[in-house]
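Participant: Sequence and predicted model, in that order:
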Amino acid sequence: MMDKAAELEAKLAALKQSYIAQLDDRFESLESAFKDINQGSDFATSKDGLEQLAFHAHKLAGTAGTFGFTEMGEKGSEIEVNCDAMVNAETAPSAEDKKNLEELIAACRSLAKA
Amino acid sequence: MTIELKKILCVEDEADIQAVAKVALETVGRFEVQMCSSGQEALETLPDFAPDLILLDVMMPGMDGPTTYQEVRKLDGYENVPIIFMTAKVMESDREQYISLGAAGIIAQPFDPMVLSDQIRQVWNDHHDG
């Protein structure tokens, strides 16, 4: 009879395959929210995008680490923290902020392929 | 003697986290687990399932974790059922906010599926011993 750890590992392996198969949808959600931010010209026009990006990044942060994508989860947390900070301060993202967010999202995609 | 923990209601909108939590709690903890995808669904499920403990995600669309917590507490028989928050946000200020609400404990996400059941049992024991 399989012990608990082996039984859990086998079940998690199946769930991980399913998770990997829909990671692309998660990245597209991040990119779509970033697109809205990138088109914004001030805080009012960036706020929805920032909140959406924080939401999807939070979900990525909560799930990626569970499936062993620790670094991806950390990048997700970083995106969330950055977006939350701008929303709380009611500050529009600077060009540097946007570049940073874009790079973090790209890094998440890269880490899925690693 | 501490009462045995048997039934857990897990409220989590993320299907992937739901699946992992269910597998972990059933396989490792041998608990009876009921999953809900929203705070509203949890409120509707509580009377029939009658859990010993509730595991509650903080950030959910619609009714979030803290709001769900407050609604659960208004139900007859659920004034004291232990509720554990699960969250990817573990800043000290957030932790203090959830504990001040009356949460029995906080579990950080991502959680380790192998130790999740032990973490919950620890909170359960502390809740009953405390």
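Facilitator: That came in fine, so what should we check first? Numbers count the residues shown, from 1 in each chain, chains lettered A, B, ... in the order given.
Participant: The residue in chain A positioned nearest to chain B: how many residues sit nearby?
Facilitator: At 3.0 Å from chain B, A:Gly65 is the closest residue in chain A, using C-beta to the nearest C-beta. For the C-beta atoms, the positions are set from N, CA and C on the backbone; glycine is no exception. Neighbourhood size, A:Gly65 [other C-beta atoms under 10 Å in any protein chain shown]: 22.
Participant: For it, give its distance to B:Gln109.
Facilitator: To B:Gln109, A:Gly65 is 7 Å away according to C-beta to C-beta, to the nearest Å.
Participant: same thing with A:Ala95?
Facilitator: 32 Å.
Participant: Which one of these two is surrounded by more residues?
Facilitator: Set A:Ala95 next to B:Gln109 and count neighbours by other C-beta under 10 Å: B:Gln109 wins out with 24 against 8.
Participant: what's the pLDDT at that one?
Facilitator: According to the per-residue confidence, B:Gln109 scores 85 in pLDDT.
Participant: Might one say that it is in contact with A:Gly62?
Facilitator: Yes. Shown here, B:Gln109 and A:Gly62 form a contact pair, counting by C-beta atoms under 8 Å, at 4.2 Å.
Participant: what residues are shared contacts of the two?
Facilitator: Residues touching both B:Gln109 and A:Gly62 by C-beta atoms under 8 Å, 6 or more residues apart in numbering or on different chains: B:17, B:88.
Participant: Near the closest residue to B:Leu43 other than its chain neighbours, how many other residues are there?
Facilitator: Counting by C-beta to C-beta, 6 or more residues apart in numbering or on different chains, B:Glu71 is the residue found nearest to B:Leu43 once chain neighbours are left out, at 5.7 Å. A total of 16 residues lie near B:Glu71 under the criterion other C-beta under 10 Å.
Participant: Could you check how far B:Glu71 is from B:Val11?
Facilitator: Remark: distance between B:Glu71 and B:Val11 (C-beta to C-beta) = 11 Å.
Participant: what sits in contact with each of the two?
Facilitator: B:Gly39.
Participant: thinking B:Tyr69 is in contact with B:Leu56, fair?
Facilitator: Yes. Using C-beta under 8 Å, B:Tyr69 is in contact with B:Leu56, at 6.4 Å.
Participant: Can you tell me the SS state at the residue in chain B positioned nearest to chain A?
Facilitator: Among the residues of chain B, B:Pro110 lies closest to chain A, at 3.0 Å counting by C-beta to the nearest C-beta. Per DSSP: H, G, I helix; E, B strand; the rest coil, the local secondary structure of B:Pro110 is coil.
Participant: Ok, B:Gln34 next?
Facilitator: With three-state DSSP as the criterion, B:Gln34 was assigned strand.
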